[in-house]
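Chemist: generate coordinates for the sequence data below:
(chains A and B)
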There are 2 protein chains.
Amino acid sequence: MKLILLSGGSGQRLWPLSNHSRSKQFLKVLRGSNGLESMVQRVYSQIAAAGLSDSAVIATSEDQVEILQNQLGEQIPLVVEPSRRDTYPAIALAAVYLFSKGDVDPNEIVIVLPVDPYVDIDYFHKIKELENLVEGNGFQLGLLGVEPTYASEKYGYIVPKEQVNHSGALIVDHFKEKPDTEEAKRLIEQNALWNCGVFAFRLGFIIDMLTIKELPVQYELLVEQYEHLPKTSFDYEVVEKTKEIAVLPYQGEWKDLGTWNTLTEEMNTSILGNGIVSDDSLNTHVLNEMDLPVAVLGLSNAIVAVSPDGVLVSDKQSSSRIKEFSQHFYKRPMYEEKRWGWLRVLEHTKLPSGGEVVIKRVCLHEGKNLSYHVHHYRDETWTIMDGEGEFAMNGEFRVIGPGNTLHIPRGAWHAIRATSQLELIEVQMGAISLQDIHRQTMNWDGIDSL
Amino acid sequence: MKLILLSGGSGQRLWPLSNHSRSKQFLKVLRGSNGLESMVQRVYSQIAAAGLSDSAVIATSEDQVEILQNQLGEQIPLVVEPSRRDTYPAIALAAVYLFSKGDVDPNEIVIVLPVDPYVDIDYFHKIKELENLVEGNGFQLGLLGVEPTYASEKYGYIVPKEQVNHSGALIVDHFKEKPDTEEAKRLIEQNALWNCGVFAFRLGFIIDMLTIKELPVQYELLVEQYEHLPKTSFDYEVVEKTKEIAVLPYQGEWKDLGTWNTLTEEMNTSILGNGIVSDDSLNTHVLNEMDLPVAVLGLSNAIVAVSPDGVLVSDKQSSSRIKEFSQHFYKRPMYEEKRWGWLRVLEHTKLPSGGEVVIKRVCLHEGKNLSYHVHHYRDETWTIMDGEGEFAMNGEFRVIGPGNTLHIPRGAWHAIRATSQLELIEVQMGAISLQDIHRQTMNWDGIDSL
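Modeler: Okay, the predicted model is just below:
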């Protein structure tokens, strides 16, 4: 059995804490065994506890690679989409990866699931049962269906017809997306279940489907043709066109922590970070990622979220509307977790003279390095605040430490490696653009004698 | 006639926009003829319009000197208290300053007023009438009394007994501080007026009083003995002990913009700075001094104030309670207006290794300079972002401009002068303390040939 975890999301509904490079699944707001953890960290530790971590690959896009490596470690197997499309292309690519790169047998069962459900460990035990359901009963697709706790208008419903032998599973009759409350009530009376985006199938099921469509089942070739795959969901492209589908009911905890309202319900503190909330502010949450103190007075049922990207102040019922507004603000994320550590933009300003300045605080973890790169339209000054490291510029190397200042004129190739955790302040001056960076590989090993 | 404008205040009630060095009177939130202006700028332009600016001195404390010079110009006459005490010592010091340094005749009328009432120009015309009232009718003290518009519990009331001839003034019977609503209603029926802190007297009245108490009436001597003056208000020490007091009624606009609730009523926009407020958020104000975007969703009657010092989110009725909370946060102001320009702290952090780093953005206006100074426990690195200037270190001078980096090791005397508006980033490293600065005078004139 193999697991494909889908990691996507645009990060708009939990603005300002989430952004394009830090979607909701990466926010460290949940209480874990070693302090705060993100949804993806929580799920990954549950997968390990269920004994499934050796089976899992994560299907994701380029802009989440660094934060996944930062939060789960660099050894995690990733299948990276060349561009963001939808769940059908992403699952197809991951399946082809398992088939052509992972040598997985076409008869092996693959289970696809989102990377960020808020569930208890039973969910993962239930997922293991899907393997038997598909393998032993001849269904092309097996789904997990959550037993509804209320007549929600937000979810898709799986409507069953009959039991599958003694398995506890049901045969699917049809699907119904986002019904109104009255219809949802009727569906629940018919034992309908919420569709939680879990799909089980034999690997060959997808491989055969791609072959019939004359799409390549060799990984590198599919990557090349990725732009030609339809931008549609797996539900639309596969599930709705499949005849023999079984669904396994799941009764345990399952939540979509996709809005501030649902997310704050799972925090076991009302204040994260530097903040004070007056006693008469009931059911109000503060999430503050800045040093800046936050005070909330006389406001109940509110959410106050503060990050380097912005400040959200919302009535909880209104908080899902942030998606309409955060687009207006959209700009480069001010805080990013990277493969090598993190960076925070302290200031991005136009000068009276017309020039532009960006000031960043940069932290490299021990042993990590920035790639060897060059900018053509900006100069940089780095002031080392803490830690030791090695600095390379135009082929010359030097050992650096606290108090050193490094001038990097435009056109100069440069890189840095941290021999102990290293913090620096970067002042960029000139014409600032995210595109103004060109990289080449370099070998740090040769300079270990420094 | 001379005016003494009292500029005090601790800046806690309008946190986070106001702080110790920027009390409420310095917040630029009111619509002026040339863009936004502060209360002190508004009052000073009204004094000029009333033809009184040559008569005015401002009594203030050391920590407001630079912001007063920044907002009103360096030529403004200031009487600076050696330490903050109360209105009686502050008025006594200013009176002695006029008497011994300004050669003002003891028979000249002095009028004391707060630096930040929100009034219309009639207020200043009325103040001129106080001169005649005291001079022509033999009263030791003349007050201005605001005609109440409602039975407020917040103010002090002046209760009159009879008319003074044909002047429109009244003779004061007694005073009543902060009555309850019922008593306030009864007082208003007796034609009582609000005490707005305006006092008119012959200069000699205070000089004689100090002489009787054997206090010096020579400015430098009184400065030396300032710590021995009682820490009491002018109302308590002088007004309540004076028998012959007249009060002149004033009917025009008068407001104390001392809380977010009253202040936002006088803003003619609901959003200052980068912000969005949803349509269903009624009577909600955003004041945002940061680049950080602010979004407010579904919250009515709220105030959201964001500055480098912090974030306040409050129901308007609760906003005056911020005074209880802001003390918890009290630390060094993150934004300060100085004689020479302004500075903003971008980051103040303890490093994993135990050291401390402060990162500041500093702007010097054209022609201004930092004093020649030294730090013993920190190194500094300055990166010039914009503008041209001259840099002095340990007696050596150099011309500096954009891209230059200046290393200032602990123990080195240094200064900088802006020949055009100059911006720099300062990185301080070491043991950071506001006390670790020692100054000496230096002469920039000798290096004009640079």
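Chemist: secondary structure class for the closest residue to A:L210 other than its chain neighbours?
Modeler: Excluding its sequence neighbours, the residue lying closest to A:L210 (C-beta to C-beta, 6 or more residues apart in numbering or on different chains) is A:V217, at 5.4 Å. In this view, the C-beta of every residue, glycine as well, is placed from N, C-alpha and C. Secondary structure, DSSP: H, G, I helix; E, B strand; the rest coil: A:V217 is coil.
Chemist: so A:V217 versus A:T259, what's the distance?
Modeler: Separation of A:V217 from A:T259 (C-beta to C-beta, to the nearest Å): 39 Å.
Chemist: on that earlier part again, the residue nearest to A:L210 reaches A:I207, doesn't it?
Modeler: Yes. With contacts counted by C-beta atoms under 8 Å, A:V217 reaches A:I207, the gap being 5.2 Å.
Chemist: any residues in contact with both of the two?
Modeler: Residues touching both A:V217 and A:I207 (C-beta atoms under 8 Å, 6 or more residues apart in numbering or on different chains) are A:V96, A:F99.
Chemist: how about the helices in the stretch 51-200 of chain A?
Modeler: Under the criterion DSSP state H, counting those that start in this stretch, the stretch 51-200 of chain A contains helices at A:65-72, A:87-96, A:122-137, A:181-189.
Chemist: can you tell which of those is closest to chain B?
Modeler: Taking C-beta to the nearest C-beta, helix A:65-72 is the member of these nearest to chain B, at 17.5 Å.
Chemist: low-scoring pLDDT stretches of chain A, where are they?
Modeler: Residues of chain A that meet the criterion pLDDT under 70 lie in A:10-11, A:329-331, A:445-450.
Chemist: report back the residue of it that's furthest from centre.
Modeler: A:S353 (40.2 Å; C-alpha atoms, centre = their mean).
Chemist: show me what contacts that one?
Modeler: B:D386, B:G387, B:P402.
Chemist: tally of neighbours for the first one?
Modeler: Burial of B:D386, expressed as a neighbour count using other C-beta atoms under 10 Å in any protein chain shown, amounts to 21.
Chemist: ok, now A:S23?
Modeler: Using other C-beta under 10 Å, A:S23 has 27 neighbouring residues.
Chemist: excluding its backbone neighbours, what's nearest it?
Modeler: Distances taken as C-beta to C-beta, 6+ apart place A:G9 nearest to A:S23, at 3.5 Å, with adjacent residues excluded.
Chemist: mind checking how far that neighbour is from A:S307?
Modeler: With distances taken as C-beta to C-beta, A:G9 is found 17 Å from A:S307.
Chemist: equivalent analysis for A:S55, please.
Modeler: Counting by C-beta to C-beta, the gap from A:S55 to A:S307 is 35 Å.
Chemist: of the two, who's got more company?
Modeler: Of the pair A:S55 and A:S307, A:S307 is the one with more neighbours under other C-beta under 10 Å, namely 25 against 16.
Chemist: residue contacts, the more buried one?
Modeler: A:P16, A:L17, A:E289, A:M290, A:M334, A:Y335 are the contacts of A:S307 under C-beta under 8 Å, 6+ apart.
Chemist: and these as CSV, adding neighbour count, secondary structure and distance to A:L424?
Modeler: Conversion of the contacts of A:S307 to CSV gives the following (neighbours: other C-beta atoms under 10 Å in any protein chain shown; DSSP: H, G, I helix; E, B strand; the rest coil; distance: C-beta to C-beta, whole Å):
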residue, neighbour count, secondary structure, distance to A:L424
A:P16, 26, coil, 25
A:L17, 26, coil, 25
A:E289, 21, coil, 21
A:M290, 19, coil, 20
A:M334, 22, coil, 17
A:Y335, 19, strand, 16
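Chemist: and the residues you listed near chain B, which?
Modeler: Contacts with chain B are made by A:P16 out of the contacts of A:S307, judged by C-beta under 8 Å from any C-beta of the partner chain.
Chemist: closest to A:P106 out of the contacts of A:S307?
Modeler: Here the nearest of those to A:P106, counting by C-beta to C-beta, is A:L17; it sits at 42.0 Å.
Chemist: before we move on, the earlier item: helix, strand or coil: sort out the residue farthest from the centre of chain A for me.
Modeler: Three-state call for A:S353 (three-state DSSP): coil.
Chemist: hang on, the earlier thing: now for the residue nearest to A:L210, how many residues are close by?
Modeler: 18.
Chemist: now it: how far from chain B?
Modeler: 46 Å (C-beta to the nearest C-beta, to the nearest Å).
Chemist: ramachandran coordinates for that residue?
Modeler: Here is the backbone geometry of A:V217 (degrees, to the nearest 10): phi -110, psi 20.
Chemist: what's the answer for the one 10 residues further on, then?
Modeler: Here the main-chain torsion angles of A:E227 (degrees, to the nearest 10) amount to phi -60, psi -20.
Chemist: ok, now A:S433?
Modeler: phi -150, psi 140.
Chemist: pull up the gap between it and chain B, please.
Modeler: With distances taken as C-beta to the nearest C-beta, A:S433 is found 18 Å from chain B.
Chemist: tell me which residues of stretch A:343-354 are tucked away?
Modeler: Applying a neighbour-count criterion of 16 or more other C-beta atoms under 10 Å in any protein chain shown, one finds A:L343, A:R344, A:V345, A:L346, A:E347, A:H348 buried in stretch A:343-354.
Chemist: and stretch A:229-237, by the same measure?
Modeler: A:L229, A:S233, A:F234, A:D235, A:E237.
Chemist: do the same with stretch A:67-80
Modeler: Buried residues in stretch A:67-80, counted by 16+ other C-beta under 10 Å: A:I67, A:L68, A:Q69, A:N70, A:Q71, A:L72, A:I76, A:L78, A:V79, A:V80.
Chemist: can you check stretch A:41-52 too?
Modeler: Quick answer for stretch A:41-52 (16+ other C-beta under 10 Å): A:Q41, A:R42, A:V43, A:Y44, A:S45, A:Q46, A:I47, A:A50, A:L52.
Chemist: is the nearest residue to the second one once chain neighbours are set aside bridged to anything, and to what?
Modeler: Translated: A:R42. Nearest residue to A:R42 in three dimensions, chain neighbours excluded: A:L30, at 5.6 Å (C-beta to C-beta, 6+ apart). As for beta bridges, A:L30 partners with A:E37 under DSSP bridges.
Chemist: same check, this time on A:S314
Modeler: The partner residues for A:S314, given DSSP bridges, come to A:I303, B:L297.
Chemist: still on that earlier bit, dump the contacts of A:S307 into CSV; add distance to A:D122 as well.
Modeler: Shown next, in CSV, are those (distance: C-beta to C-beta, whole Å):
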residue, distance to A:D122
A:P16, 34
A:L17, 29
A:E289, 33
A:M290, 38
A:M334, 39
A:Y335, 35
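Chemist: what's near enough to touch A:R84?
Modeler: Taking C-beta under 8 Å, 6+ apart as the test, what A:R84 contacts is A:G8, A:S61.
Chemist: which parts of the stretch 251-400 of chain A are strands?
Modeler: A:254-255, A:271-272, A:275-277, A:285-288, A:294-297, A:302-307, A:310-315, A:335-338, A:341-350, A:356-364, A:372-374, A:378-386, A:389-393, A:396-400 (DSSP state E, counting those that start in this stretch).
Chemist: what would these look like in TSV with distance to B:K185?
Modeler: Output for those, formatted as TSV (distance: least, C-beta to C-beta, whole Å):
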stretch	distance to B:K185
strand A:254-255	56
strand A:271-272	43
strand A:275-277	37
strand A:285-288	42
strand A:294-297	30
strand A:302-307	37
strand A:310-315	38
strand A:335-338	56
strand A:341-350	55
strand A:356-364	58
strand A:372-374	75
strand A:378-386	63
strand A:389-393	74
strand A:396-400	74
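Chemist: buried stuff in stretch A:108-128?
Modeler: Within stretch A:108-128, the residues scored as buried using 16+ other C-beta under 10 Å are A:108-119, A:123-124, A:126-127.
Chemist: what's the farthest-apart pair in those residues?
Modeler: A:E108 and A:Y118 (28.4 Å).
Chemist: so how far is A:V313 from A:K323?
Modeler: 16 Å.
Chemist: who has more neighbours out of the two?
Modeler: A:V313 (29 against 14).
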